[in-house]
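Trainee: fold the following, please.
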Amino acid sequence: MMAGGAVTGALSMAFGATLRAPHGGVFVVPLIGEPFLYLLAIAAGTLVATALVVLLKGARRSTGTAPAGQPSADTDAADRPVSATA
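Mentor: Below is the predicted model of the structure:
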């Protein structure tokens, strides 16, 4: 996620986009200097962040690791511990 934000910030600075109101969502677009280039920078940063999330999630699946408490794709029911309350 940080890489996507870095790309957005770098591109908006390189494009010379100025924003007089640092918040406000789409309502501040008329206040932006170079609004189309600013929105292009946001789209590029979003694409970078999305690509990295998809790439890293795919890499995690291929190694068979899963978040804590969840079985990975290569385990079956026989490999799971039985809880005392079940």
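
Trainee: from now on I want contacts and neighbour counts done on CA atoms only, so please keep to that.
Mentor: Fine.

Trainee: quick one: the strands in this structure?
Mentor: Using DSSP state E, the strands of the chain run over 18-19, 32-33.

Trainee: which residues sit in contact with M2?
Mentor: Each residue near M2 by CA atoms under 8 Å, 6 or more residues apart in numbering is listed here: A49.

Trainee: could you do A3 as well?
Mentor: The contact partners of A3, by CA under 8 Å, 6+ apart, come to G45, V48, A49.

Trainee: which of these has the most neighbours?
Mentor: Among the contacts of A3, G45 has the most neighbours (other CA atoms under 10 Å), with 23 neighbours.

Trainee: ok, the helix or strand bottoming out on mean pLDDT in the chain: who's next to it in the sheet?
Mentor: Least confident helix or strand of the chain, by mean pLDDT, DSSP states H and E, is strand 18-19 with a mean of 87. Based on DSSP bridges, the pairing partners of strand 18-19 within the sheet are strand 32-33 (antiparallel).

Trainee: run through who's touching the strand it pairs with.
Mentor: The set of residues external to strand 32-33 that reach it, using CA under 8 Å, 6+ apart, is G16, A17, T18, L19, R20, Y38.

Trainee: buried ones only from those, please, as a ChimeraX command.
Mentor: Buried residues among these (16 or more other CA atoms under 10 Å), as a ChimeraX selection:
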select :17,19,38
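
Trainee: how about the contacts of strand 32-33 in TSV, adding distance to F27?
Mentor: Formatted as TSV, those follow (distance: CA to CA, whole Å):
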residue	distance to F27
G16	20
A17	16
T18	15
L19	12
R20	12
Y38	14
